[in-house]
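Trainee: Fold the following, please.
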Amino acid sequence: MSDLDPARVAALALLGDVLEGQRLLSEVLGPRLDALAPPDRARAQRLAVGTLRWMDRADRALGPFVRMKPWPEIHNILRLAIFEIYEGGTPAHAAVAAAVDLARATDRGAGQAGMVNGVLRNVERAGGWQALPLPRLPKWLRKPLLKTYGKEVVAAMEAAFADGAPVDLSVKDDPAGWAERLGGTVLPTGSVRLDMPGQISALPGFADGAWWVQDAAAAVPARALGDVAGARVLDMCAAPGGKTLQLAAAGAQVTALDLSEARMARVGENLARCGLAAEIVVADALDYAAAPFDAVLLDAPCSATGTLRRHPDLPRAKAAQDFAPLIALQARLLDRALTLVKPGGRVVFCTCSLLPEEGEAQVDAALARHPGLVLDRDALQVDGIDPAWIGAQGLRLRPDYWADAGGMDGFFVAAFRAP
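Mentor: This next block holds a predicted model:
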């Protein structure tokens, strides 16, 4: 494939890694893209992410013109071309020609290139792309979400997933000033949402550490700890570090704890860039011991189903059975967090998940395991949060909230007072 467009070749390989290899993009981006020039790296990732995002609609467009399911690599070539034509801004003739070249270079290419050309031409002649339903989630995820939220809410979530995610910033101070300077708006919770971000590291304020990238929903849990100035706070499972930066900027004496040395190195780099300080500890949170903290923030490992706006590979690479160990780990980590906080101290538990097993059910189970543990729902009434979003067990944030402003990640947040 040496004469082919390297970005398309890499994008096709990434699609195979996710759809056939059942691997997340985060696991394969480096090996697949490191040899490419920076513009090709960016384009390959954009093509792969976009194709995964619109795959369900692409398959619907292909359906009338494909009598038998194509070989996986050929199927992905067709999906990639359809994304390029209808959502990627590539002229149809260029996308079709590139798809034919990709097909010819596959192991079965001699017999498939003509089919690829014919099918794509038929799809183009048929039209009606915009009339097709928005991409639906895979059944393994859509079914439990329908049971939990109902058809209308899930449809609104799927619309948010199709739109993708804007770039949000947490700023040290003066959100309105930074929104004006960078071109964006201040969200009700105080985050700054950019209109046209471009290259993040080239924006004013990045090198000076005036702000960091953090989805607006992800910035809410740290605020549920209240005034932390001078308090000893443990950020448990801290990487990638946005909440550590928040807490440090609010004046807390932060200990950032995580198992990943590589990810914690990035946390250290961001702390240095932002002129903030925190103790960094690389250790297993289940084994970590220290003098009791005033407060603990636990953003537990989870299914990440609330982040599908930016990670459309996740529901294609994972399945429901993959999450049972994570759910068990969340309970163990919450139990551990309660041993690391002073009596009466606050523990905030959160997951970027839409599944109640990783949110409301964890709260009910924790209350049953720990007599004297108290929910502090008042702590969740932070600025910009609609009180209607706070349920009996905690705060439920959904991708379809703030739909007119670009949505938010899905999160569940609970605040406890330790016995």
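
Trainee: which residues of the stretch 151-300 of the chain fall in strands?
Mentor: Taking DSSP state E, counting those that start in this stretch as the criterion, the stretch 151-300 of the chain carries its strands at 168-171, 184-186, 192-194, 211-213, 232-236, 253-258, 279-282, 293-299.

Trainee: Where is the longest helix in this protein?
Mentor: helix 109-126 (DSSP state H).

Trainee: contact partners of it?
Mentor: Here helix 109-126 makes contact (C-beta atoms under 8 Å, 6 or more residues apart in numbering) with 61-62, 64-66, 70-71, 74, 77-78, 81-82, 85, 92, 95-96, 99-100, 103-104, 106. Using the backbone N, CA and C atoms, a C-beta is placed for each residue, glycine as well.

Trainee: if we go to 10 Å?
Mentor: For helix 109-126, contacts defined as C-beta atoms under 10 Å, 6 or more residues apart in numbering pick out 58, 61-66, 70-71, 73-74, 77-78, 81-82, 85-86, 92-93, 95-97, 99-106, 129.

Trainee: List the buried residues of it.
Mentor: Gly109, Gln112, Ala113, Met115, Val116, Asn117, Val119, Leu120, Val123, Glu124 (16 or more other C-beta atoms under 10 Å).

Trainee: Next secondary structure element downstream of it?
Mentor: helix 139-149 (DSSP states H and E).

Trainee: In the stretch 1-150 of the chain, where is pLDDT below threshold?
Mentor: Residue ranges of the stretch 1-150 of the chain with pLDDT under 70: 1-2, 109-110.

Trainee: where do the helices sit along it?
Mentor: 6-19, 25-33, 38-53, 55-62, 72-86, 92-104, 109-126, 139-149 (DSSP state H, counting those that start in this stretch).

Trainee: now these in a markdown table, with distance to Gly198?
Mentor: As requested, these are exported to a markdown table (distance: least, C-beta to C-beta, whole Å):
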| stretch | distance to Gly198 |
| --- | --- |
| helix 6-19 | 19 |
| helix 25-33 | 20 |
| helix 38-53 | 12 |
| helix 55-62 | 27 |
| helix 72-86 | 22 |
| helix 92-104 | 25 |
| helix 109-126 | 32 |
| helix 139-149 | 32 |
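
Trainee: Indicate which one of those helices is closest to Asp168.
Mentor: Closest approach to Asp168 among those (C-beta to C-beta): helix 38-53, 18.0 Å.

Trainee: what's the longest strand in the protein?
Mentor: strand 341-351 (DSSP state E).

Trainee: What lies in contact with the helix or strand just after that one?
Mentor: Sequence order places helix 360-369 as the next helix or strand after strand 341-351, per DSSP H and E. Identification of contacts with helix 360-369 by C-beta under 10 Å, 6+ apart yields 148, 300, 302, 327, 330-331, 333-335, 337-338, 347, 349, 351, 353, 355-357, 373-375, 391-394, 396, 412, 414, 416.

Trainee: Which members of those are positioned in helices?
Mentor: Thr148, Ile327, Gln330, Ala331, Leu333, Leu334, Asp335, Ala337, Leu338.

Trainee: Tell me which two of these sit farthest apart.
Mentor: Thr148 and Leu338 (26.7 Å).

Trainee: quick one, which of these two is more surrounded?
Mentor: Leu338 (20 against 16; other C-beta atoms under 10 Å).
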